[in-house]
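# dropping a prediction and its sequence here:
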Amino acid sequence: MKIHKKYTNIVFAFVMSLLMAMLMSGVLTALFTGIHEQFMMQWLRAFIHAWPIAFPAVLIVAPIVRKIVGLIIDNDQPR
């Protein structure tokens, strides 16, 4: 079953925020606490706090980033 294309922005934000929150919370947890026997539990706890912030942030920031990139990229150049 596929999701209708009208939900593209929401699905993009969901997946992007999930992966970024997972990556960033894992890296920062490792940097601040090290890798040890409680690492996975601390990482999960950090992720659970980070993701609810990351999801709406991506929903808000992604359109702005797309506009900025559109200003930077030259679409008139031949390949």
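Perfect, I can see it now. In this text the structure is predicted, and so the values were computed from the model without any measurement.
# any low-confidence regions in this protein?
Applying pLDDT under 70 to the chain flags the ranges 79.
# and with 80 instead?
Applying pLDDT under 80 to the chain flags residues 75-79.
# middle-most residue in it, spatially?
Centroid check for the chain by C-alpha atoms, centre = their mean gives residue 17 as the closest residue, at 2.7 Å.
# helices or strands up against the helix or strand that residue falls within?
Per DSSP states H and E, residue 17 falls inside helix 8-33. In terms of contacts (3 or more C-beta pairs under 8 Å, 6 or more residues apart in numbering; DSSP states H and E), helix 8-33 is packed against helix 39-72. For every residue, glycine as well, the C-beta is placed using N, CA and C.
# show me which residues of the helix it packs on are buried.
For helix 39-72, a neighbour-count test (16 or more other C-beta atoms under 10 Å) marks 42, 43, 46, 47, 50, 51, 54, 55, 57, 58, 59 as buried.
# how much space between the residue lying closest to the second one once chain neighbours are set aside and residue 16?
The spatially closest residue to residue 43, leaving aside those adjacent along the chain, is residue 29, at 4.7 Å (C-beta to C-beta, 6 or more residues apart in numbering). Look at residue 29 and residue 16: by C-beta to C-beta, to the nearest Å, they are 20 Å apart.
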